[in-house]
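**Student:** Need the 3D shape of this:
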Amino acid sequence: MTDTHPILEGIEQAGTQDQETLLSQSWLLGFDTETTGAAPGADAIVSATLVLRNPQTGYKGDAIAEWLINPHRHISAGASRVNGFTDDFVQSNGVEPQDTLAEISDVIIQAQRHAIPLLAYNAPFDVQMLLGDLRRWDCPQSEELSESDMLIVDPLVIDRSVSHRSGKRTLSFTTEYYGVEAHGDFHDATADTIAAVDLVKPMTTLYPQVGRLTLAELMPWQREAHRVWKESFNRWLESKGRRPIHE
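**Tutor:** This next block holds a predicted model:
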C-alpha cells in the first residue's frame, strides 16, 4: 500500500472527528480477518480487509484494502473448511507477514489518530489476532496499538445489549435479523467487513440508545454492555453445570 491509497486519502479527508460525533454520523474503519485457527498468539492471519466507510456516501463510497498473507503456520482443517484457504495456496500466493502487518497496523493507527473507530464483529478476536502476529514478527506497531486504548465498535456487543432475541448471533444471522444484504459470501474477509459496517445504520436507527451514542460514550457503553451480558451468560452456563467465562 502506498501513501496515496484511497483508504489513507479518505482518512485524511475525514479529518479528526469530534468526541461528540454520533456513532450514526461517524466515519468507520471496518476490519476482519481469516485465520489459521482460533487461538490468538498461536494461530495467524491469512487474509485481512480494511473498509473505510464515509457516513455521507455509504457502501458506494467505501475505500477497501485487502491482503493475502503467508502465515508460516499450518491452517487447521476446521479453519480451512470455513475460509477455503489451504497451506499450498497461501504459501504460493500470500505475501510475507512483516511488511503486510505493518501496513494494516499503520492504517489502523492513522484512523485512531483521527478518532475514526475500528469496527469489527466480535472485535477482540480480530484485534488479538493482529496483536499476536505483530508480536510474533517483532513489528514496532505492537507498541503503539493496545486493545485497551483503542476506539472500537463491536456490533456483536451492541446487538447482545439491545436486541433481546433468541437464536444464534453469528454475523450471518445478525445481518439477516437487521435486513442487511451481504456483498459477497460470508467467511470472506471483505464481505464480512462490509456486512459488519452495514449493521451500524439499522442498529442506530432501530435503537435510540445506540443512535444517541457519541464517540466519547462509545467505549464505556460497550464495556458496561459486555459486563452485563457476561454476567447473564455465566449464570446460564453455571445453571447447566458448565464453567463460566472470564474474558
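**Student:** use CA for all of it now, contacts and neighbours both
**Tutor:** Noted.
**Student:** gap between the helix-or-strand element of the chain with minimal mean pLDDT and the chain center?
**Tutor:** With mean pLDDT, DSSP states H and E as the measure, the helix or strand of the chain carrying the lowest mean pLDDT is helix 141-144 (a mean of 87). Average the C-alpha atoms of helix 141-144, do the same for its chain, and the two points are 18 Å apart (Cα atoms, centre = their mean, to the nearest Å).
**Student:** which secondary structure elements does that helix contact?
**Tutor:** Other helices and strands packing on helix 141-144, by 3 or more Cα pairs under 8 Å, 6 or more residues apart in numbering; DSSP states H and E, are helix 97-113, helix 123-136.
**Student:** So for that helix, what gets flagged as buried?
**Tutor:** When burial is assessed from 16 or more other Cα atoms under 10 Å, helix 141-144 yields the following buried residues: 141, 142.
**Student:** For it, output the C-alpha coordinates as PDB.
**Tutor:** Taking C-alpha atoms only, helix 141-144 is exported to PDB below (Å, rounded to 0.1, in the frame of the first residue of the first chain):
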ATOM      1  CA  GLN A 141       3.500  -1.200  15.700                       C
ATOM      2  CA  SER A 142       2.700  -3.600  18.500                       C
ATOM      3  CA  GLU A 143       4.000  -1.000  20.900                       C
ATOM      4  CA  GLU A 144       1.600   1.700  19.600                       C
END
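**Student:** Show the subsequent helix or strand relative to it.
**Tutor:** Scanning the chain past helix 141-144 towards its C-terminal end, the next helix or strand to appear is strand 152-153 (assignment: DSSP states H and E).
**Student:** Tell me the neighbouring strands of that next one, and mark each as parallel or antiparallel.
**Tutor:** With DSSP bridges as the test, strand 152-153 is paired with strand 118-119 (parallel).
**Student:** Pull the contacting residues for the closest residue to residue 183 other than its chain neighbours.
**Tutor:** The shortest distance from residue 183 to any non-neighbouring residue, by Cα to Cα, 6 or more residues apart in numbering, is to residue 191 (5.5 Å). For residue 191, the contacting residues are 182, 183, 184, 185, taking Cα atoms under 8 Å, 6 or more residues apart in numbering as the criterion.
**Student:** One more: residue 175?
**Tutor:** Residue 175 sits next to 181, 182, 195, 196, 199 when contact means Cα under 8 Å, 6+ apart.
**Student:** Mind putting the residues you listed into TSV with neighbour count, distance to residue 19 and secondary structure?
**Tutor:** Rendered in TSV, the data for these read as follows (neighbours: other Cα atoms under 10 Å; distance: Cα to Cα, whole Å; DSSP: H, G, I helix; E, B strand; the rest coil):
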residue	neighbour count	distance to residue 19	secondary structure
181	13	30	coil
182	17	30	coil
195	24	25	helix
196	27	22	helix
199	22	21	coil
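**Student:** the helices in this structure, which residues?
**Tutor:** Listed in chain order, the helices of the chain (DSSP state H) span 6-14, 77-83, 87-93, 97-113, 123-136, 141-144, 155-162, 171-177, 189-198, 200-206, 208-211, 215-239.
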